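J.: kindly return the folded structure for what I paste below:
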Amino acid sequence: MTAKRSLPIGIQTFSKIREGDFYYVDKTGLALRLIAEGSHYFLSRPRRFGKSLFLDTLAELFEGNAALFQGLAAEQRWDWSRRFPVIRLSFAGGVLRNRSELDEKIAELLAENEARLGVRGEQRSLSGRFHGLIAAAHAQHGERVVVLVDEYDKPILDNITDPDTARAMRDGLRNLYSVIKGQDAHIRFAFLTGVSKFSKVSLFSGLNNLKDITVDARYSAICGYTEADLDEVFAPELEGLDREQVRAWYNGYNWLGEAVYNPFDVLLLLDGRQFRPWWFETGTPTFLVDVLTERGFYTPRLAHLRADEALLSAFDVDHLATEALLWQTGYLTFTGSRQIGARWEYSLGYPNLEVEAALNDALLKRLTEQPGQASELTSRLYDVLLAADLDGFRQHIISLFHAIPHQWHDGNQLARYEGYYASVFYSHLAALGLDLACEDASSHGRLDLRLRFNGRLWLFEFKVVELAPEGAALQQIKDRGYAEKYRAEGLPMHLIGIELSREQRTLMGFEVETVMP
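T.: Predicted structure coming up:
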């Protein structure tokens, strides 16, 4: 077995990893392919996916630091005799609160590059200074320039809840990035990365020569760890861990190619030896949760959304499409695609158990406005399901809806949309991280919810009624033969019809029929 090494937790510097005794997943082959096939690229990936490390790898490659690449794919395939001047702009550090702070930050970044490359900026405007830096670096070093921009969008995203400030940041960054196209004659290679994929009209109107490789099967694994990476590179660390559980919890991010693991999750798992929402806990998406709840988003839809390419690209300060927001931040990922006439349609779903459970836990707490009680109820739900206590389950659902404050019913529009209570119930179950399928399709139709747990199947159907229970929910499960799909599993099945009152906003009907194998 390969000898154990140190886990590169939080390390985004290529030289530190290569000079120290750290595990490293070789991405240099993909870097060479990019360089061979084009010159100006854009890549969007969620936070903590290794974008900064990949940019740093590109920088070391172009600067010709051959010693760092021994034993890697690039070692024998790169001309180490040529060294290119590299301009690096990173907005990863700190929070910029207004346009003046952004301009000050840009000036600092330009000054750092001028000093490192041995050139002086004579121009007074920031765009002029950037323009001059590129031309002067080319002249000084005799090779065209490499421009690498990390977290290109962070100044906008940090202010996304304040549209006026976000627009000011967008305009300042557009002023900077537009220089890259104008200086094309002096640029050998340009690579911009960030979390979001702002529309070209809003941010890159002056930089339309970027090749967007965000959704490209060839580069789906450009950031993140593949199954092979995990098994080969981290083999010494996997002993004692359930490989299927590792896959269920952390794999599944996909950009129409090979699926990958979030590196941050993998490293924290291998270090702490515990299955926890490591990635989710580092940045609870308060803004995203607020958007979903304020828009009355039907949370069961999260498991299987459909969107076209235009919708996923419709991301700007003035128009944040829910689907684009969920996908670009990494809370949903591609589960498939198809061409419909002249357009492409994508199916989206949770990448893995971590995201499904943690996001729904956050949504449940926001939907009920009772964070402490929501956690207690989720724990109690697990015990009720474990015991297969059907009467206890009915009482639990009543308790769940009674836990929602009366003023929440009366004064909040959120509790008035029809799917609200189904959303609460779904997120309550999904927060447990169990084997749950929403709108599970069969030849007879779509069952609202299927839960497989502890050797039993639970089939749920919801109905909204006016004033009194009608028995239609359970009857639909029976009439449409939803249980037939699962008979071959030979497990006890609980068919559960739940009816919710449109007026009283509480449980009105709860019918159960148990089918034994």
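J.: could you point out which element follows the helix or strand bottoming out on mean pLDDT in the chain?
T.: Here the helix or strand of the chain ranked lowest by mean pLDDT, DSSP states H and E is helix 406-411, holding a mean of 44. Next helix or strand after helix 406-411 toward the C-terminus (DSSP states H and E): helix 420-430.
J.: V95 against D158, yeah?
T.: Yes. Here V95 reaches D158: they are 5.0 Å apart, a contact under C-beta atoms under 8 Å. For every residue, glycine as well, the C-beta is placed using N, CA and C.
J.: those two - which one has more neighbours?
T.: Legend: neighbour count by other C-beta atoms under 10 Å for V95 and D158, higher for D158 (18 against 9).
J.: so what's that one up against?
T.: By C-beta atoms under 8 Å, 6 or more residues apart in numbering, D158 lies in contact with 95-97.
J.: name the SS class of the residue nearest in space to the middle of the chain, please.
T.: Centroid-nearest residue in the chain, with C-alpha atoms, centre = their mean: G330, separated by 0.6 Å. The three-state assignment at G330 reads coil, by DSSP: H, G, I helix; E, B strand; the rest coil.
J.: go on, the one 5 residues further on?
T.: Classification of T335 by three-state DSSP places it in strand.
J.: beta partners of the nearest residue to it once chain neighbours are set aside?
T.: Distances taken as C-beta to C-beta, 6 or more residues apart in numbering place G349 nearest to T335, at 4.3 Å, with adjacent residues excluded. Beta-bridge pairing of G349, defined through DSSP bridges, involves T333.
J.: let's number from 24 now, not from 1
T.: Let's use 24 as the start, then, which means that last one is G372.
J.: so G372 makes contact with L355?
T.: Yes. Using C-beta under 8 Å, G372 makes contact with L355 at a distance of 6.4 Å.
J.: please say which of these two ends up with more neighbours.
T.: Using other C-beta under 10 Å, the more surrounded residue of G372 and L355 is L355, with 27 against 18.
J.: per-residue pLDDT, T316?
T.: Looking at T316, its pLDDT is 85.
J.: distance-wise, check it relative to T309.
T.: Distance of T316 to T309, computed by C-beta to C-beta, to the nearest Å: 11 Å.
J.: which one's more surrounded, these two?
T.: Using other C-beta under 10 Å as the criterion, T316 and T309 rank with T316 on top: 19 against 11.
J.: surely that one and K388 touch.
T.: No. Here T316 does not reach K388: they are 10.2 Å apart, not a contact under C-beta under 8 Å.
J.: contact partners for the residue lying closest to the residue nearest to the centre of the chain once chain neighbours are set aside?
T.: Nearest non-adjacent residue to G353, counting by C-beta to C-beta, 6+ apart: P69, 2.8 Å away. Taking C-beta under 8 Å, 6+ apart, we find P69 in contact with 218, 276, 285, 351-353.
J.: next: F476.
T.: Counting by C-beta under 8 Å, 6+ apart, F476 makes contact with 408-409, 457-458.
J.: just the buried ones from these?
T.: Buried by 16 or more other C-beta atoms under 10 Å: 408, 457, out of the contacts of F476.
J.: tell me how many other residues surround L156.
T.: L156: 26 surrounding residues under other C-beta under 10 Å.
J.: tell me which element it is part of?
T.: Assessed by DSSP H and E, L156 sits inside helix 149-164.
J.: can I get that helix in CSV, CA atoms only?
T.: Below are the C-alpha coordinates for helix 149-164, written out as CSV (Å, rounded to 0.1, in the frame of the first residue of the first chain):
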residue,chain,number,x,y,z
LEU,A,149,-7.4,51.6,-13.3
SER,A,150,-8.4,50.2,-16.7
GLY,A,151,-5.5,52.2,-18.2
ARG,A,152,-3.1,50.9,-15.6
PHE,A,153,-4.2,47.3,-16.3
HIS,A,154,-3.8,47.9,-20.0
GLY,A,155,-0.3,49.3,-19.5
LEU,A,156,0.7,46.4,-17.2
ILE,A,157,-0.2,43.8,-19.8
ALA,A,158,1.7,45.6,-22.6
ALA,A,159,4.7,46.4,-20.5
ALA,A,160,5.0,42.9,-19.1
HIS,A,161,5.0,41.5,-22.6
ALA,A,162,7.7,44.0,-23.7
GLN,A,163,9.8,43.4,-20.6
HIS,A,164,9.8,39.6,-20.6
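J.: buried sites along that helix?
T.: Buried positions in helix 149-164, judged by neighbour count with 16+ other C-beta under 10 Å: 149-150, 152-157, 159-161, 164.
J.: so, low pLDDT: which residues of the stretch 74-223 of the chain?
T.: By pLDDT under 70, the low-scoring segments of the stretch 74-223 of the chain are 222-223.
J.: at 80 what do you get?
T.: Scanning the stretch 74-223 of the chain for pLDDT under 80 picks out 144-145, 221-223.
J.: what of the stretch 424-540 of the chain?
T.: 425-445, 462-468, 487-494, 523-530.
J.: quick revisit: got the contact list for the residue nearest to T358?
T.: 325-328, 355-356, 358.
J.: what's the closest of those to R473?
T.: Among the contacts of G372, A326 lies closest to R473 (C-beta to C-beta), at 11.1 Å.
J.: do you know how far the closest one is from N375?
T.: 12 Å.
J.: about what we covered before: which residues do G372 and L355 both contact?
T.: Here G372 and L355 share the contacting residues 325, 328, scored by C-beta under 8 Å, 6+ apart.
J.: list the buried residues for stretch 197-207?
T.: Buried-residue list, stretch 197-207, by 16+ other C-beta under 10 Å: 197-204, 206.
J.: narrow the residues you listed to those in helices?
T.: 197-204 (DSSP state H).
J.: and the residues you listed as CSV, adding distance to L30?
T.: Formatted as CSV, those follow (distance: C-beta to C-beta, whole Å):
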residue, distance to L30
R197, 39
N198, 41
L199, 36
Y200, 35
S201, 41
V202, 39
I203, 36
K204, 40
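J.: max pairwise distance over those residues: which two?
T.: So, those by C-beta to C-beta: farthest apart are N198 and K204, at 12.5 Å.
J.: picking up where we left off before, you'd agree the residue nearest to G353 is in a helix?
T.: No. The assignment for P69 by three-state DSSP gives coil, which leaves it out of any helix.
J.: can you pull the pLDDT of it?
T.: On the pLDDT scale, P69 is placed at 94.
J.: that one and K234: what is the separation?
T.: The gap separating P69 from K234 is 20 Å, by C-beta to C-beta.
J.: one more: F485?
T.: Look at F485 and K234: by C-beta to C-beta, they are 46 Å apart.
J.: these two: which is more packed in?
T.: Under the criterion of other C-beta under 10 Å, the comparison of F485 against K234 puts F485 first, with 19 against 14.
J.: can I assume that one sits in a helix?
T.: No. F485: not assigned to a helix; according to three-state DSSP it is strand.
J.: OK, contacts around W278?
T.: For W278, the contacting residues are 237-240, 242-243, 356-357, by C-beta under 8 Å, 6+ apart.
J.: great, nothing more from me.
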